[in-house]
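*Asks:* 3D model of this:
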Amino acid sequence: MRCPLPAASEEGGGQPTRAAVILPFEKPSRVAIGDAGGHRAAEARLAEAVGLAASIGVAIVHSAVHPLRERRPATLMGEGQVEMVGRALKEQEADLVVVDAALTPVQQRNLERAWGCKVIDRTGLILEIFGERAATKEGALQVELAHLEYQRTRLVRSWTHLERQRGGFGFLGGPGESQIEIDRRLIGDRIVKLKKELEQVRRTRGLHRSARARVPYPVIALVGYTNAGKSTLFNELTGAGVYAQDQLFATLDPTMRAIRLPSGRTAILSDTVGFISDLPTQLVEAFRATLEEVAAADIILHVRDIAHPDSAAQRADVLGVMEEMAEGPNASLEPGWQDRIVEVLNKADLLGGVEAVARRAPGAVPVSALTGEGLEELRRSIDTRLSAGMETVDLVLPGSDGAGLAWLYQHGEVLARDDREDGVRLTVRLSPADRARFEGRQP
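*Replies:* Residues are numbered from 1 along each chain as shown. I've put the predicted structure just below:
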């Protein structure tokens, strides 16, 4: 039920769709700037929108910022701006326009009529990206659900076939249903079915998470704005081959790998989808898998692109989404989640190296996932955080208890060991849960 973008031209040998990106820019008030913790310049917002559009394989032939003095109910932008854009589209022979704003169905229809080409808004663009990149079954279901809920609001009476009446049911007949009502009903039925399938997938994932909790290994989740370098950092820390490219939303589905820390402790590192400003409401559910992994994490690594001019605003966007997770009756983040965050300032190589960044941001961990600089310090920082809530205990094990020794080495940090005839004396650092689990085990 997705609304496909215009196909590539066959005459040009499969050339990409020619697209324009338009940003109707509203200058935020002083209060809004203070609340956000950062303010994006129009040029930076346009660059992000162009990056989003380019990531679906279209050729950007025109981009422009149009200051928005007031929102017009019919077209969002003013009449003169609509005409100006129309002339540019004609000159550049654009087949697609991406409007980096939320358009109502009426505004989208009117702009398509005025410009004579396909128009999609920010929500439609991000849905298109998600549709191309979701790899897991849950990801695909979530994206289809988001598409259907978005399209249901777009079923306006734009086409004559949507107004035709169909015959009624039963002996008395009746006015029947119009095509638009049939479309809405079919979409509604499919949405109900998708929600049931998603609930089953989530129950299965919940069982997997319970199984991990019984092992257990500490979980470390990577979060951050899209294109901050999370997947590159994930690959460097774990040696995994997760897809990582310099593009927005290169990774959509959560990926988990084991890592070995300097103390010898094993932990699970989870790579997640990148956050983004003005996330469409239809996609909040599509983030659920990622958000649940974050909620279960012992440590949250907030990866920031410290070289980006809007780094402060991106930080505010990520923390804003996480604050929403901690609010309401269905909150998935427990109070005090801020104490589990470690800020990782990535791409330090673009600012002169780790030392240069460290002087600017005390308390955070500057790294370069590309060059590897600062990664050992990050591993030590993770180790220190995990050890903060651990207890140091003295244990004596029979020399024949090889399984117990292996368990302690795997789940704790062995500080001292003395092998004697009467057994093995150990000084071990364990979490309270692991200590209880070890003491309650069957010999």
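*Asks:* measure stretch 256-273 end to end?
*Replies:* Taking C-alpha to C-alpha, to the nearest Å as the measure, stretch 256-273 stretches 12 Å from start to finish.
*Asks:* do stretch 349-365 as well
*Replies:* Start-to-end span of stretch 349-365 (C-alpha to C-alpha) is 13 Å.
*Asks:* count of neighbours near residue 318?
*Replies:* Neighbour count of residue 318, defined by other C-beta atoms under 10 Å: 22. Bear in mind the C-beta positions are built from the backbone N, C-alpha and C, glycine included.
*Asks:* Oh, that last question was meant for residue 80, not what I typed.
*Replies:* For residue 80, the neighbour count with other C-beta under 10 Å is 9.
*Asks:* give the contact list for residue 341.
*Replies:* When contacts are counted by C-beta atoms under 8 Å, 6 or more residues apart in numbering, residue 341 touches 300, 301, 302.
*Asks:* Can you show me the strands along the protein?
*Replies:* With DSSP state E as the criterion, the chain has strands at 18-25, 59-67, 96-99, 118-121, 219-224, 255-260, 266-271, 299-305, 341-346, 365-366, 391-397, 413-420, 423-430.
*Asks:* Tell me which residues of the last one come out buried.
*Replies:* Buried residues in strand 423-430, defined by neighbour count with 16 or more other C-beta atoms under 10 Å: 424, 426, 428, 429, 430.
*Asks:* these two touch, right, the second one and residue 392?
*Replies:* No. At 10.7 Å, residue 426 does not count as touching residue 392 under the criterion of C-beta atoms under 8 Å.
*Asks:* quick one: which of the buried residues of strand 423-430 is nearest residue 193?
*Replies:* For these, the minimum distance to residue 193 (C-beta to C-beta) is 46.7 Å, reached by residue 430.
*Asks:* contacting residues around the residue nearest to that closest one when sequence neighbours are not counted?
*Replies:* Sequence neighbours aside, residue 412 is the residue nearest to residue 430 in space, at 4.3 Å (criterion: C-beta to C-beta, 6 or more residues apart in numbering). Residue 412 makes contact with 265, 390, 428, 429, 430, 431, 434 under the criterion C-beta under 8 Å, 6+ apart.
*Asks:* what do you get for residue 22?
*Replies:* Residue 22 makes contact with 63, 64, 66, 85, 97, 98, 99, 100 under the criterion C-beta under 8 Å, 6+ apart.
*Asks:* Now these in TSV, please, with extra columns for pLDDT.
*Replies:* TSV is the format used below for the contacts of residue 22 (pLDDT from 0 to 100):
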residue	pLDDT
63	96
64	95
66	94
85	96
97	96
98	95
99	96
100	94
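*Asks:* close enough to count as contact, residue 416 and residue 424?
*Replies:* No. If you go by C-beta under 8 Å, residue 416 and residue 424 don't touch, sitting 10.9 Å apart.
*Asks:* you'd agree residue 381 is up against residue 364?
*Replies:* No. Counting by C-beta under 8 Å, residue 381 does not reach residue 364; the two are 9.6 Å apart.
*Asks:* any residues in contact with both of those two?
*Replies:* Shared contacts of residue 381 and residue 364 (C-beta under 8 Å, 6+ apart): residue 342.
*Asks:* my guess is residue 194 contacts residue 141, does it?
*Replies:* Yes. If you go by C-beta under 8 Å, residue 194 and residue 141 touch, sitting 5.7 Å apart.
*Asks:* Tell me which of those two has more neighbours.
*Replies:* When residue 194 and residue 141 are compared for neighbours, residue 141 comes out ahead with 20 against 17, by other C-beta under 10 Å.
*Asks:* Can you give me the neighbour number for the closest residue to the more buried one other than its chain neighbours?
*Replies:* Excluding its sequence neighbours, the residue lying closest to residue 141 (C-beta to C-beta, 6+ apart) is residue 198, at 5.2 Å. Neighbour count for residue 198, taken as other C-beta under 10 Å: 19.
*Asks:* How much space separates residue 198 from residue 127?
*Replies:* Residue 198 sits 16 Å away from residue 127, going by C-beta to C-beta, to the nearest Å.
*Asks:* residue furthest from the geometric center of this protein?
*Replies:* In the chain, residue 421 marks the outermost C-alpha relative to the chain mean, sitting 55.3 Å out by C-alpha atoms, centre = their mean.
*Asks:* Need the per-residue pLDDT for that residue.
*Replies:* Reported pLDDT at residue 421 in the predicted model: 86.
*Asks:* Same question for residue 299.
*Replies:* In this prediction, residue 299 carries a pLDDT score of 90.
*Asks:* That one contacts residue 339, doesn't it?
*Replies:* No. In this structure, residue 299 is not within contact of residue 339 by C-beta under 8 Å, at 10.0 Å.
*Asks:* Could you export the strands of the chain as CSV, including distance to residue 153?
*Replies:* Converted to CSV, the strands of the chain look like this (distance: least, C-beta to C-beta, whole Å):
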stretch, distance to residue 153
strand 18-25, 20
strand 59-67, 24
strand 96-99, 16
strand 118-121, 11
strand 219-224, 29
strand 255-260, 32
strand 266-271, 32
strand 299-305, 33
strand 341-346, 36
strand 365-366, 43
strand 391-397, 54
strand 413-420, 54
strand 423-430, 53
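*Asks:* To residue 45, which of those lies closest?
*Replies:* Counting by C-beta to C-beta, and looking across all of those, nearest comes strand 18-25 at 5.9 Å.
*Asks:* average pLDDT across that closest one?
*Replies:* Here the average pLDDT along strand 18-25 is 94.
*Asks:* for stretch 69-78, same thing?
*Replies:* On average, stretch 69-78 scores 92.
*Asks:* residues in contact with that stretch?
*Replies:* Residues contacting stretch 69-78 (C-beta under 8 Å, 6+ apart): 24, 66, 68, 79, 82, 85, 99, 101, 103-104, 106-107, 110-111, 114.
*Asks:* Tell me the most packed of those residues, by neighbour count.
*Replies:* When neighbours are counted by other C-beta under 10 Å, residue 99 leads the contacts of stretch 69-78 with 25 neighbours.
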